[in-house]
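Asker: Predicted model follows, preceded by the sequence.
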4 protein chains.
Amino acid sequence: MSQTVNYGMVGGDVHAFIGEVHRRAIRFDERSRLVAGCFSASSEKKNRESGEKLGLDPKRVYATYQEMAEAEGKREDGIKFVSIVTPNVTHYDIAKTFLNNGIHVMCEKPLCFTVEQAEDLKRLSEEKGLLFGVNYSYTGYVLAKVMREMVQEGKIGKVINVNAEYPQEWLLDDLHPVEGQELKLSVWRKDPKVAGISNCVGDIGTHIENFVHYITGLSIKRLMAVTNHFGQPLDLNANIIVEYDNGANGAYWCSQVAAGTLNGLAVRIYGDEGSLEWQQEHPDFFKYTPRGEAPRLMTRGNGYYKEKAAAYSQLPTGHPEGLHVAFANLYKNFITAVLMREKGENADEIDFPRVTDGLNGVKFVHAVVKSAKNDSNWVTL
Amino acid sequence: MSQTVNYGMVGGDVHAFIGEVHRRAIRFDERSRLVAGCFSASSEKKNRESGEKLGLDPKRVYATYQEMAEAEGKREDGIKFVSIVTPNVTHYDIAKTFLNNGIHVMCEKPLCFTVEQAEDLKRLSEEKGLLFGVNYSYTGYVLAKVMREMVQEGKIGKVINVNAEYPQEWLLDDLHPVEGQELKLSVWRKDPKVAGISNCVGDIGTHIENFVHYITGLSIKRLMAVTNHFGQPLDLNANIIVEYDNGANGAYWCSQVAAGTLNGLAVRIYGDEGSLEWQQEHPDFFKYTPRGEAPRLMTRGNGYYKEKAAAYSQLPTGHPEGLHVAFANLYKNFITAVLMREKGENADEIDFPRVTDGLNGVKFVHAVVKSAKNDSNWVTL
Amino acid sequence: MSQTVNYGMVGGDVHAFIGEVHRRAIRFDERSRLVAGCFSASSEKKNRESGEKLGLDPKRVYATYQEMAEAEGKREDGIKFVSIVTPNVTHYDIAKTFLNNGIHVMCEKPLCFTVEQAEDLKRLSEEKGLLFGVNYSYTGYVLAKVMREMVQEGKIGKVINVNAEYPQEWLLDDLHPVEGQELKLSVWRKDPKVAGISNCVGDIGTHIENFVHYITGLSIKRLMAVTNHFGQPLDLNANIIVEYDNGANGAYWCSQVAAGTLNGLAVRIYGDEGSLEWQQEHPDFFKYTPRGEAPRLMTRGNGYYKEKAAAYSQLPTGHPEGLHVAFANLYKNFITAVLMREKGENADEIDFPRVTDGLNGVKFVHAVVKSAKNDSNWVTL
Amino acid sequence: MSQTVNYGMVGGDVHAFIGEVHRRAIRFDERSRLVAGCFSASSEKKNRESGEKLGLDPKRVYATYQEMAEAEGKREDGIKFVSIVTPNVTHYDIAKTFLNNGIHVMCEKPLCFTVEQAEDLKRLSEEKGLLFGVNYSYTGYVLAKVMREMVQEGKIGKVINVNAEYPQEWLLDDLHPVEGQELKLSVWRKDPKVAGISNCVGDIGTHIENFVHYITGLSIKRLMAVTNHFGQPLDLNANIIVEYDNGANGAYWCSQVAAGTLNGLAVRIYGDEGSLEWQQEHPDFFKYTPRGEAPRLMTRGNGYYKEKAAAYSQLPTGHPEGLHVAFANLYKNFITAVLMREKGENADEIDFPRVTDGLNGVKFVHAVVKSAKNDSNWVTL
């Protein structure tokens, strides 16, 4: 039936938590069907078990992503899109392979490691006329979309300052290594060969960059940064000052060693007519202060704001939606776009993070690392 | 395969939001398969469409729940449990019918309207040896389970006072009726024939009663209450003082006309060795104060508490889980119990709200209404 | 000079903290002069030392309050008012003595122990044409006055429900007595002869009663209560349901054994047009929700509310004022009233807590204790 | 008597709010006596009225600060210290004059405008053997002192990152000038001749610098900054990255145009063994997270922390102290130091902000302005 979409997944065997989150989120949308996968490249057993547990036809559980892309690309009932949830170092090759087989791609972030790779993927998806989504999941929160609409409507005027941060504490113990005990910072986050040029900025700093851009529409013109490695090969903490294309400044902080913080993406957007504040850990609430008035505690699902994005709500006000719903909203729009493209319609206006966002993320990471290495000089993006 | 469970649903067509929430929550568990339904008794079209959209065999989309119970009860591959998400007034008949056809039941709350009905369902499920769950969904939150375990471990000592409340604001406009404009309080909440003897206490007051009991293990010995109708046939607001079986007191407040509140279930449990505070709108956090120490801001998913219930977490700390996960946890345990029973195992220790909880809820509502009518005299439960 | 007021103090030697708080608060008003005192009745040394340290003429440091009242009442430059900060059991006699010597009185709360005493003081102050203030200090906070004005202006419409509480934790250890170690609950709080008929309700429950009345203008028509002694002679915890003269209900809770609470006077006033929320521990902020709108975080000192009471602010917004300023505002108005009365003007409209408020407090305590003893029956005030 | 201290004030007539705050704070200490003043240099009437209202001998109400310094310096019973609360541009000359007349000085911040002036005052006070305090009032909060002690004790280990900010909103309207209406940014904040080289950084940015230094003991080695003038001659907003002498980094933000903020000095200090968070607008609370444990909500006045600085508390826990008490603590220590010096004792260990802190503030402002003008290059302090 034309209103359903077959999809496949690379990575995310049933023992890994992130694949499950993606699949649950995709299943929020009745239009999707998981029909193919290469859930584990390293373990035939995990791969097979995952296929079984997920109720897949064993023929469509593939040993390699290459086989999968080729086979599915040829099938009449082949997958329309692939969700890539593998380690970062593999994104580029896998995404490229599916694009080359005519399959739309939704890829975990960070998109890839070099600007050249990112530009290559962008070029290729355009050439092939294929959709390329990047999983900047936090933009899927209803209130992210509402705040974005408010900025577009001019509710806070011209943006004049941004404060954004993403602190975590989970690597703090690594500053106190215990003999004979492994670091929490696994090899694939420490070794530049598999981790890329950055750990903390690449992993979570990019969410700041993307989220602020999503809400405000502003792009970074240049930035200067300090990073801190605390004895590790890659960064664990970074402070960054940015200058946007509208001339305003912003300050970004990300950290994996900040005691008492969890997964603290938080943005405060100050405009000349008001401000917005939001915290990822309390995603159903934001604070909106119109100039000269008292701050207002805004809640998802309430009737007192009229932004169209309010329609994304899936639960009544006061019933917490959580991250699964953010993922689901992202996939919902992506699936809508896939369906439109299958019908030959233009899906350019559909709201989901795209390969350009992924490219910007890679550029951001490279600029931060370059500035930090160069005594914090400004680096133009 | 023995590790999957076929289930059916009564009510919850694809245009109604609550059915979707249940289905998504059940699908968090890979072991479940929706195979049958009677999604709308009043609209053949909605029923059929729902079946189609959900990918069901049209033969298993039934016109009436009676047909469904009978047919599924007889099939070799019939449903093992039914999820009932219909209007409250119908719960009793539907649940009874499925029990009589040998099918386990998970029923939305409130279970039913009279104590006799509730006791009847309890008796019947026991006679038939069938599981009977009641959807007190908030007990599915991970931290509800963690707090319960902490109380059991004695972390706050003997409970000496409870403050619990569930305020909402959504019916406040009904205190200002506008000529020619319908009230938000729909007929089925106003007319005792379909709404039962209580509106506010029945709808949300019962969540307070159940949740406090779940966390503390305390049962209400007697209570006294005032309710406020503000011109409507049924209650919109209630204040209740309870006395527990351990001699301590508690105060409960529920309201649908409290400006500035959303879906504010909140409990504060004071023991002689410490206290616990939790709010449904921020379900991933609670405050724990050991006697003589500073309050601690506890978060779902962190390593500093060792309660076994922590294992229910599905996302890392700081990644909001929301209500879908609470529903999912409830169903997960229920499905586990169903599978155990199918194998002939005893599932009495599996943690999910049962028919006895539903019965206690009905008794609670009746006691509140009786006290309020009787000049707030104590009513023994 | 006619614009200054000489005053004296009974109790509050320089080693006791509360006398100092009163004196500092009074000194916020340049019009006041401390010129006489009987700071300690039991210790001549403490009395003398206090006089010296406070720079008083030794002749006006009296051995007994009786001498003081008599001598000051006769002096040309005698004190115009006395501030009584002695143990509760002594308030009645001392206040009476000063009234009988023609001196205005500001008395710590609770005013006294019996309704008869309170009515006697009321009658006497009226007969003598003297001002009689009672130190319900929390009504001195600027925002208490602003919220009161908002209620009077109809900003939240008719009050339909009140939630108010005053939990503390400081006596929790007394539930775990250690052999050979004194209880925190000193004798004068345990022995009905010096403590009156109630400990917790008398000490802090009365603040709830007074504060809610101050903000809303509502009076309690009747109430029902449970109290908990936890093995002590007097109450340590109480839950109370009240019915106001406008027909609405409210629930009050006070406790001295609530782990994790400090000095938690907090009120939530729900009207049919909006609501107000305020916490004593964050006195410069309140939440105001107009019906159908988002809650607003209101702050002392901001320009977006126009209530006249805003003029009480002594510091710019964001600069915490604290309890000293609340005391100071209370005394400021009292001093203004004293000056008006000295000039023969009517001071009935000046806003400070008066003997009637003290009388209402005593009635409230007696009603709670009576209800609690009488199986929580309603007691009419 | 040797245990009291006569003092005088320059500036702060009774119509100006800040003088009153200082006097009230000083009066918290029974040892102080206000005996002289030059409250207004521009208005003989205001000066005289202030003297009268404050009960001063008219001979000691001086027309100029020069006369005052000279006369009081010669009197047997002359003032021991002067509190300077005049406009910033005048601090240097006034302070110098009093030092030259042998009188200890407590000066409002910023100390002065140039590094040379600040060094001159430092040198002069040392030469004369006189105390020189600078009114960085926020360091007077009890919890500022407690947090400082905790850092010194190693409770958070080595500091690895600092986030500190001081946003206000009061000048936001100035970004929308209305024809014929004066800006809120008064002339003395706009005109470099009277405002110095910075507005926002000089006024509130310096509080960040001083407060972080006070808590952590860290000094800034170098910094880089962007400032925003938004069309005004001086800065209204600034983002700064600093590098401390221990190698760690920090990010500071100050603003006077941040909608929804009040007087938001807030610091978050991250160490390798824990963290501290504190907000000036809720000064009686802070959050302390030991590594690997849940964050603890610490409150002034509680028994669960044993830092010696807890002794500064003047009110029991839960009774808000506010800014007057912070001022009072600052003056209390200063008066203690004055008394020690009068007795010939060494007062170097007494904790109050000194001329060196004022000097560091001036250096900080100059470094920020220099970096901002120089394309944000690092500037070494």
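Answerer: Happy to help now that I have it. Numbering: from 1, shown residues only, chains lettered A, B, ... in the order given.

Asker: mean confidence score for the helix or strand containing residue A:36?
Answerer: Using DSSP states H and E, residue A:36 falls within strand A:32-38. Per-region confidence: strand A:32-38 scores 96 on mean pLDDT.

Asker: Could you do stretch A:274-285 as well?
Answerer: pLDDT averaged over stretch A:274-285 gives 98.

Asker: which parts of it are buried?
Answerer: For stretch A:274-285, burial by neighbour count (16 or more other C-beta atoms under 10 Å in any protein chain shown) applies to A:274-278, A:280-285. Where C-beta positions appear, they are placed from N, C-alpha and C, glycine not excepted.

Asker: Apart from its chain neighbours, what residue comes closest to the most centrally placed residue in chain A?
Answerer: Ranked by distance to the mean C-alpha position of chain A (C-alpha atoms, centre = their mean), the top residue is residue A:136 at 1.7 Å. Nearest residue to residue A:136 in three dimensions, chain neighbours excluded: residue A:353, at 4.1 Å (C-beta to C-beta, 6 or more residues apart in numbering or on different chains).

Asker: swap in residue A:337?
Answerer: residue A:347 (3.8 Å).

Asker: burial count for that neighbour?
Answerer: Residue A:347 has 17 neighbours, counted by other C-beta atoms under 10 Å in any protein chain shown.

Asker: Which positions in the stretch 101-250 of chain A make contact with chain B?
Answerer: residue A:168 (C-beta under 8 Å from any C-beta of the partner chain).

Asker: Can you find the residue of the stretch 101-250 of chain A that comes nearest to chain B?
Answerer: Going by C-beta to the nearest C-beta, chain B is nearest to residue A:168 of the stretch 101-250 of chain A, at 7.2 Å.

Asker: Can you get me a residue count around that residue?
Answerer: 23.

Asker: What of residue A:181?
Answerer: Residue A:181 has 8 nearby residues by other C-beta under 10 Å.

Asker: Ok, the one 10 residues further on next?
Answerer: Applying other C-beta under 10 Å, we find 13 other residues in the vicinity of residue A:191.

Asker: Identify the residues contacting it.
Answerer: Applying C-beta atoms under 8 Å, 6 or more residues apart in numbering or on different chains, we find residue A:191 in contact with residue A:233.

Asker: now it: how far from residue A:229?
Answerer: Using C-beta to C-beta, to the nearest Å, one gets 14 Å for the distance from residue A:191 to residue A:229.

Asker: One more: residue A:107?
Answerer: 28 Å.

Asker: Burial check on residue A:100, number of neighbours?
Answerer: Residue A:100 has 14 nearby residues by other C-beta under 10 Å.

Asker: Repeat that for residue A:128.
Answerer: Neighbour tally, residue A:128, other C-beta under 10 Å: 16.

Asker: what's the answer for residue A:119, then?
Answerer: 15.

Asker: in which helix or strand would I find the residue nearest to it when sequence neighbours are not counted?
Answerer: Among residues not flanking residue A:119 along the chain, residue A:359 sits closest, at 6.3 Å (C-beta to C-beta, 6+ apart). Assessed by DSSP H and E, residue A:359 sits inside helix A:355-373.

Asker: ok, stretch A:267-284 near chain C or not?
Answerer: No - remark: stretch A:267-284 sits outside contact range of chain C, by C-beta under 8 Å from any C-beta, the gap being at least 11.0 Å.
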